[in-house]
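Enquirer: coords please:
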Amino acid sequence: MSCLPLTTMVVAVAFRKEIFTPRKILGVLVAIGGVAAALWAGLADAPPDAWRGDLVMAGATVCMALYNVWSRPLMQRSSMLGFLALGMGFGAAASLSFALGSGGLLYTIALFDAKQWAAAVCIGVFGGALAFYLWSTRWSGPRRRASPTP
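Expert: All right, here's what the predicted structure looks like:
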């Protein structure tokens, strides 16, 4: 997923929704450079079949890049925050239904201690809701003031 900015840019260029510029390329390379260095350092410790998980994540990255590019017109027709809340709500409901259907969710939650609950709340609030809220308000653009009428 650390390659999502690069993947999104490549998909956007492939569908002629964006144009590569040196500034965009530099920004994407800086964004993924640190993650690539960190992953490279631990590559020798990876289990033998780790490539399967990497392949799943690469597929998920391509799906997210396609979603980013194809959903832009829909986002522009509605409020960014409303679009985000609806998408996150459906995603949360789907994840919860799969977790409940597998039978392991309630057992796992019952074993949580205070530190695990605090971590879950921090990930949900800061890593999920707040991050996506800031993303949506950033991309909705600056607020324009109405020009005074004479």
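
Enquirer: helices and strands of the chain: which one has the lowest mean pLDDT?
Expert: helix 131-139 (a mean of 67; mean pLDDT, DSSP states H and E).

Enquirer: next one: the residue most central in space within the chain relative to Gly27, how far apart?
Expert: By CA atoms, centre = their mean, the chain has its centre lying nearest to Met64, at 7.3 Å. Distance of Met64 to Gly27, computed by CB to CB, to the nearest Å: 18 Å. All C-beta spots, glycine's among them, are computed from the backbone N, C-alpha and C.

Enquirer: do the same with Ser79
Expert: From Ser79 over to Gly27 the distance is 26 Å, taken as CB to CB.

Enquirer: could you do Ser102 as well?
Expert: Counting by CB to CB, the separation of Ser102 from Gly27 is 39 Å.

Enquirer: please identify which of these two sits among more neighbours.
Expert: Gly27 (13 against 8; other CB atoms under 10 Å).

Enquirer: wait, what's in contact with that one?
Expert: Residues near Gly27 by CB atoms under 8 Å, 6 or more residues apart in numbering: Pro5.

Enquirer: tell me the pLDDT at it?
Expert: What the model reports for Gly27 is a pLDDT of 80.

Enquirer: now stretch 57-66, how far from the chain's geometric center?
Expert: Computed by CA atoms, centre = their mean, to the nearest Å, the separation of stretch 57-66 from the middle of its chain amounts to 10 Å.

Enquirer: show me where pLDDT drops low in the chain?
Expert: Where the chain drops to pLDDT under 70, the residues are 2, 135-150.

Enquirer: many thanks, I have nothing further to ask.
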